[in-house]
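**Q** Based on what follows, work out the 3D shape:
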Amino acid sequence: MNQEMEGRAPSRPFVQRGHDGAWPSRIGFAMLLLVVLAALLAPVLGKHPPTEQPYRELALAGPSAQHWLGVDGAGRDVFTRMLYGARVTLGIATGATLIALAGGVVLGALAATWRGWFDAGVTHLVNFLLAFPSILLGLVALTVMKPSPTSVTIAVGIANLPAIVRQVRAAFFSEQAKQYVLAARSVGAGQWRVAVIEILPNCGALILTLTTLTLGSAVLEAAGLAFLGLSGQPDVAEWGMMLREEGRAFRVAPWLCIAPGLAIAWTVLAFNLISDGLQRR
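**A** Numbering: from 1, shown residues only. Here you go, the predicted model:
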């Protein structure tokens, strides 16, 4: 019996389907694809530019065959503004995420590599900033900039930077104790070569997960800042600004607020599902 067992190939452990992270990420990508297509096809699907007001006589009209999501109080087609709002919202979230990742990865890697006074300074600054809500950090950043979508992008990027610095710094410290790093140092590799060539590629999975998480939080924070009236002109087709504008008519025309609210929730959920799938895999 033992001889027969020794001759057999070892059996693979049973892996239950649906728990490898594939399905959450697939659903998230499908949901996100709809938002991206809406943003790309806005000039084709939209009836008018988002700032035009051709339906003033139909102000606050409900959904119909001609206006799928109704008409707002200024006489603008809500469906058209939702399409163009996807462009602005995704643009702000993408730009903010790039800012947060660029600064967070660089500062985290430098802190873990240089250590000493630089690491201590970065750590204390990050801990101080993490004591405040990210939306509050965004508000502080906007106090020194003129309200505009570009300012919101920079503010949201700065607000998400401390969390990324902390995660990347911790990942670098963890990788520095592994055998492949010790082997690279033993053959004379310098600290910067080890950090850039050896450690940074092995942090790629973490950075990818942080990217999707930051994109989701950036959408929510950008909508919050726009809801507070800090994204520039009030006629900007941005989902948070639409919530702000149509909130006054919520009792009369609640569908005007439901559409952008659901769009924000849909997009954030898509990014969170993608991130959850990546973490499981």
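**Q** And for stretch 96-107, what's in contact with it?
**A** 122, 152-165, 167-169, 200, 207, 210-211, 214-215, 218, 221-222 (CB atoms under 8 Å, 6 or more residues apart in numbering). Using the backbone N, CA and C atoms, a C-beta is placed for each residue, glycine as well.
**Q** what's the offset of that stretch from the middle of its chain?
**A** 12 Å (CA atoms, centre = their mean, to the nearest Å).
**Q** low-scoring stretches of this protein, by residue?
**A** 1-21, 57, 232-233 (pLDDT under 70).
**Q** Now residue 29: phi and psi?
**A** Backbone torsions for residue 29, taken as degrees, to the nearest 10, come to phi -60, psi -40.
**Q** Oh, that last question was meant for residue 71, not what I typed.
**A** Dihedral pair for residue 71: phi -120, psi 140, per degrees, to the nearest 10.
**Q** how far away is it from residue 58?
**A** To residue 58, residue 71 is 5 Å away according to CB to CB, to the nearest Å.
**Q** Tell me which of the two has more neighbours.
**A** Legend: neighbour count by other CB atoms under 10 Å for residue 71 and residue 58, higher for residue 71 (26 against 16).
**Q** From what I see, the more buried one and residue 59 are in contact.
**A** Yes: using CB atoms under 8 Å, residue 71 is in contact with residue 59, at 6.2 Å.
**Q** Residue 108 contacts residue 163, correct?
**A** No: between residue 108 and residue 163 there is no contact under CB under 8 Å: 10.3 Å.
**Q** and these two? which has more neighbours close in?
**A** Comparing residue 108 with residue 163 by other CB under 10 Å, the one with more neighbours is residue 108, at 25 against 19.
**Q** element containing the more buried one?
**A** Following DSSP states H and E, one finds residue 108 within helix 78-114.
**Q** Okay, buried residues for stretch 176-189 please.
**A** 176, 181, 184 (16 or more other CB atoms under 10 Å).
**Q** Ok, stretch 132-150 next?
**A** 134-135, 137-139, 141-142, 147, 149.
**Q** how about the CA coordinates for that stretch, as CSV?
**A** C-alpha atoms of stretch 132-150 as CSV (Å, rounded to 0.1, in the frame of the first residue of the first chain):
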residue,chain,number,x,y,z
PHE,A,132,-7.8,63.8,10.0
PRO,A,133,-10.5,62.6,7.6
SER,A,134,-9.4,62.7,4.0
ILE,A,135,-12.3,65.0,3.0
LEU,A,136,-11.0,67.5,5.6
LEU,A,137,-7.5,67.3,4.1
GLY,A,138,-9.1,68.0,0.7
LEU,A,139,-10.9,71.0,2.1
VAL,A,140,-7.6,72.4,3.5
ALA,A,141,-5.8,71.9,0.2
LEU,A,142,-8.6,73.8,-1.6
THR,A,143,-8.3,76.8,0.6
VAL,A,144,-5.1,77.8,-1.2
MET,A,145,-6.4,77.0,-4.7
LYS,A,146,-9.1,78.4,-6.9
PRO,A,147,-12.1,76.1,-7.0
SER,A,148,-12.0,74.1,-10.2
PRO,A,149,-12.0,70.5,-11.3
THR,A,150,-8.2,70.7,-11.5
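**Q** contact partners of that stretch?
**A** Stretch 132-150 is contacted from outside by 88, 91-92, 129, 151-152, 154-156, 158-160, 162-163, 217, 221, 224-225, 228-232, 236, 238, using CB under 8 Å, 6+ apart.
**Q** So the residue nearest to the spatial centre of the chain versus residue 164, what's the distance?
**A** Centroid check for the chain by CA atoms, centre = their mean gives residue 215 as the closest residue, at 0.6 Å. As judged by CB to CB, residue 215 and residue 164 stand 12 Å apart.
**Q** Same question for residue 117.
**A** Distance, residue 117 to residue 164, by CB to CB: 22 Å.
**Q** who has more neighbours, these two?
**A** Each of residue 117 and residue 164 has its neighbours counted (other CB under 10 Å); residue 164 has more, 26 against 8.
**Q** what's near enough to touch that one?
**A** By CB under 8 Å, 6+ apart, the contact set of residue 164 is 100-101, 103-105, 108, 210, 214.
**Q** Next one: the closest residue to residue 271 other than its chain neighbours from residue 252, what distance?
**A** Take residue 271 and drop its neighbours on the chain: the residue closest to it by CB to CB, 6 or more residues apart in numbering is residue 216, 3.4 Å away. Using CB to CB, one gets 32 Å for the distance from residue 216 to residue 252.
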